[in-house]
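Trainee: Fold the following, please.
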Amino acid sequence: MELPEQILKALDSSQASNVDSLSLADSFGIDHQKIVGGIKSLECLGQVIQSEAYVIQRWELTKEGELIAKNGAHEAVVYDNIPAGDGILQDDLKKKIGDICKIGLGKAMSAGWIQINKESKMIQRKVDSITDSVKANLNLVAADKINEIQKKSIDEYKKRKLLHEVNFTAYKLSKGSEFSLTIEKAVTELTPEMITTGSWKTANFKSYNFAALGIAPQAGHLHPLLKVRAEYRQIFLEMGFCEMPTNNYVESSFWNFDALFQPQQHPARDAHDTFFISDPANASDFPPDYLEKVKKVHSHGGFGSQGYGYDWKVEEAQKNILRTHTTAVSARMLYKLAQEKEFKPQKYFSIDRVFRNETLDATHLAEFHQIEGVVADYDLTLGDLLGIINEFFKKLGIEKIRFKPAYNPYTEPSMEIFSYHEGLAKWVEIGNSGIFRPEMLLPMGLPENVHVIAWGLSLERPTMIKYGIDNIRDLVGHKVNLKMVQENPMCRLDKDNRDPVATLASVTENRWIKIEEQLIFLQKQLNNIQGGASNQTFKSAPNKTSDDKFLDIVIEMDPEHKSQAMKYLALKLSQVNTVYFSSHIHSTQVKGSPPPLDFWPESSDSNKKRLQHKLGLTLIWKPVGPDAVLKMGNPTKSQVIKGEVNVCRYLCRLMNSNFYENSSNPAVNVHWIDYQLDALHQLLHCNFEGDIMPQLAKEMSLCKRPQALTGVVTLADICYASISFRIRRVKSQACLASTFVPVPDMSK
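Mentor: This next block holds a predicted model:
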């Protein structure tokens, strides 16, 4: 009889309403887990039985505990092996009972069973007889009589790891609604015989589980490196790049170093950094004319360069190596491009293996992958390089980019690329870039006005970050976990999919976040000014006190650069706030006639004291040049804002007016206002005679005014009307003025 049928028979013959799985294991004389297996088989048949699980906690002996229960405690073994009388030396005792000697000696001495004779150094018995309570108690545990042992002893044995608590599940069984002593297995397959005989009509078919997962077919799986590589490759293709052939791992030193204008004495060409090939050791197939040009530019210079001034040897160039970078492939492609009858701009990329004689650790391998992008075109500049790198990393979802000057033998200028790592909260290097030197390009035969920009980065580092791998040897090599390769999801880089309006909103928001971080004092004061800026505009002020009821703003203005816009905004501000106005002449103002003190508005209620107002605006005439300086709060700890246009921004924000940011101005409108204000700020502070002004004015006019701002007076219009008389030397004055709306004379 099979086990499930035995369980049914025991359940049917039982006098009780239910049967315990533990009692079944005892009566059948088999392991409890086999009983559990039989119960699970019966549960699959439907309502034949009903089972109720419950958890049992019990103490069991560890392997060391079982050994002690059989042979005795370590301290008892030590006592039993010490001869009565003279005793035994410790070394002899250790040879006799082994490793338990050290533990047993300590326990036996603590129990007062043994002692060491100081003169003879012999270990001797101290008592005539002992009781091995540890062995006795552990045997009680094995007999499931732990209740007879004191809790103090249980805690000690647990600490000595002689026993441990285990939990296991048992079941109480009762008859189900479909209880039967015979087991009829459900049919799982429909056979031709069942159809022929018609037995399928009365057969008990097993219900089909539509939620069950199918068995995954055996198939290959892409390695995480290949998954990330596919994403990078797609980005290059989207940007119009062509992939270079990179299937030659063995490269000659000529294409790997010499063609890149890297000197033959460079440390990278040493065996400590590069793997040299022994068979074949040398290469010989080089373009002879190009070889001579490379030799000349290295030894004697040329193309405007003085070279390195050493005796260039073809024997060094012929040495075969495992390529140290894919730039060797770029050199071959650029030389091939130079041999075309007519130069055509090209964009190349490659993602493949390179080899360097590195010391292996968690972040370095002797074999890794390099991602490289190359653009060849007429009159490319550093600005083109910065722009295309920014666009490339933006497609990767990386927008916080910085550049640091660096040195490369074959690029000038050269830059290291850094990105802000949110997890590490610091800037980390992610790549290298530069413009290829003329000493590299001109010997190939490329036109003089053709420049080549390039950048490169690793494939392993972003893959480790993407998949949370902290040891590169778990990603590449013989220790790779195949389960990790199979189960990791496809790579999807976090790209920027925001629409233009949301992008402009984010730009504007980031601008004011940076400003507000520097104006905590101003924010705290503004929250206490009745009728001033709303709490939605500024953050809640921490540590606000009842004394913070007055905001004092000081504006320094040069008499030669009087700002009508600031006067206009100050008057507007007085309409929404109780403002105390005052003006003074600084002691440094000695040249020429003093400025008119009536330029600045007077307080509407001058009889009130200064601190009875909510806001104080003080104008100080001082030779500060085109920079108007705004100070707030305590003069010794003031927040300082420079620039006439920037001061107008803050005055406008104080009144929460429609001139600048408010709920009726969507992000596109605010972005246009900010763009024009920044341009006006540059016009005020650049050299009036410089060539930049007409170009800047042209760019301002190209930034079209949004349709929603037609006929609306903005802060940009107010500032333009105020400073237009100071920028009349701009050649594109008429073109610039066409972007603004006519506004009243600010002086009136």
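Trainee: which residues of the stretch 551-700 of the chain fall in helices?
Mentor: Applying DSSP state H, counting those that start in this stretch to the stretch 551-700 of the chain gives helices spanning 564-574, 644-655, 667-685, 692-702.
Trainee: who wins for proximity to Ile723 among those helices?
Mentor: Closest approach to Ile723 among those is made by helix 667-685 (6.1 Å; Cβ to Cβ). Heads up, the C-betas are built off the backbone N, CA and C, glycines and all.
Trainee: what residues are up against Phe349?
Mentor: Counting by Cβ atoms under 8 Å, 6 or more residues apart in numbering, Phe349 makes contact with 233, 236, 241-244, 371-374.
Trainee: now do Arg58
Mentor: By Cβ under 8 Å, 6+ apart, the contact list for Arg58 reads 144, 146, 165-166, 168.
Trainee: Could you export these as JSON lines, including pLDDT, neighbour count and secondary structure?
Mentor: Formatted as JSON lines, these follow (pLDDT from 0 to 100; neighbours: other Cβ atoms under 10 Å; DSSP: H, G, I helix; E, B strand; the rest coil):
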{"residue": "Asp144", "pLDDT": "78", "neighbour count": "10", "secondary structure": "coil"}
{"residue": "Ile146", "pLDDT": "82", "neighbour count": "17", "secondary structure": "helix"}
{"residue": "Glu165", "pLDDT": "83", "neighbour count": "10", "secondary structure": "strand"}
{"residue": "Val166", "pLDDT": "83", "neighbour count": "10", "secondary structure": "strand"}
{"residue": "Phe168", "pLDDT": "79", "neighbour count": "13", "secondary structure": "strand"}
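Trainee: which one of those is nearest Val450?
Mentor: Nearest member of those to Val450, counting by Cβ to Cβ, is Val166, at 77.0 Å.
Trainee: Bridged to the closest residue in space to the closest one that isn't next to it in sequence, which residues?
Mentor: In this structure, Val166 finds its nearest non-sequential neighbour in Glu60, 5.3 Å apart by Cβ to Cβ, 6 or more residues apart in numbering. Beta-bridge partners of Glu60, counted by DSSP bridges, are His164.
Trainee: so which of the helices of the stretch 551-700 of the chain is the most packed in?
Mentor: Stretch with highest mean neighbour count among the helices of the stretch 551-700 of the chain: helix 644-655 (a mean of 23; mean count of other Cβ atoms under 10 Å).
Trainee: what residues does it touch?
Mentor: Residues outside helix 644-655 that contact it (Cβ under 8 Å, 6+ apart) are 526, 532-533, 537, 555, 561, 563, 565-566, 569-570, 572-573, 575-577, 615, 626-630, 641, 659-661, 677-678, 680-681, 684, 715, 718-719, 723.
Trainee: burial measure for Phe436, as a count.
Mentor: 27 (other Cβ atoms under 10 Å).
Trainee: Identify the residues contacting it.
Mentor: Neighbour list for Phe436: 334, 410-411, 451-454 [criterion: Cβ under 8 Å, 6+ apart].
Trainee: Nearest to Leu22 among these?
Mentor: Checking the contacts of Phe436 against Leu22 with Cβ to Cβ, the nearest one is Ala454 at 74.4 Å.
Trainee: host element of the nearest residue in space to that closest one that is not next to it in sequence?
Mentor: Nearest residue to Ala454, sequence neighbours excluded (Cβ to Cβ, 6+ apart): Val374, at 4.6 Å. Assigned by DSSP states H and E, Val374 falls within strand 367-378.
Trainee: quick one: buried residues of the following helix or strand past that strand?
Mentor: Counting by DSSP H and E, the next helix or strand C-terminal to strand 367-378 is helix 382-395. If you call a residue buried by 16 or more other Cβ atoms under 10 Å, then helix 382-395 has these buried ones: 385-386, 388-389, 392-393, 395.
Trainee: cool, stretch 357-366 as well?
Mentor: Quick answer for stretch 357-366 (16+ other Cβ under 10 Å): Leu365.
Trainee: rewinding a little: nearest to Lys135, of the contacts of Phe349?
Mentor: Lys135 lies nearest to Ile371 out of these, by Cβ to Cβ, at 68.1 Å.
Trainee: you'd agree that closest one is up against Gly456?
Mentor: Yes. Using Cβ atoms under 8 Å, Ile371 is in contact with Gly456, at 6.2 Å.
Trainee: thinking again about what came up before, let's have the helices of the stretch 551-700 of the chain in TSV, adding mean pLDDT and distance to Ser582.
Mentor: Shown next, in TSV, are the helices of the stretch 551-700 of the chain (pLDDT from 0 to 100; distance: least, Cβ to Cβ, whole Å):
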stretch	mean pLDDT	distance to Ser582
helix 564-574	86	12
helix 644-655	83	16
helix 667-685	81	26
helix 692-702	66	36
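Trainee: Distance to Trp200 added to these, as CSV?
Mentor: Compiled in CSV, the helices of the stretch 551-700 of the chain are given as follows (distance: least, Cβ to Cβ, whole Å):
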stretch, distance to Trp200
helix 564-574, 91
helix 644-655, 82
helix 667-685, 69
helix 692-702, 81
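Trainee: of all the ones you listed, which lies closest to Thr196?
Mentor: Closest to Thr196 of the helices of the stretch 551-700 of the chain, according to Cβ to Cβ: helix 667-685, at 75.6 Å.
Trainee: Which elements pack onto the closest one?
Mentor: helix 500-517, helix 644-655, helix 692-702, helix 715-723 (3 or more Cβ pairs under 8 Å, 6 or more residues apart in numbering; DSSP states H and E).
Trainee: pLDDT value on Lys514, please?
Mentor: According to the predicted model, the pLDDT of Lys514 comes to 53.
Trainee: ditto for Asp548
Mentor: Predicted confidence (pLDDT) for Asp548: 45.
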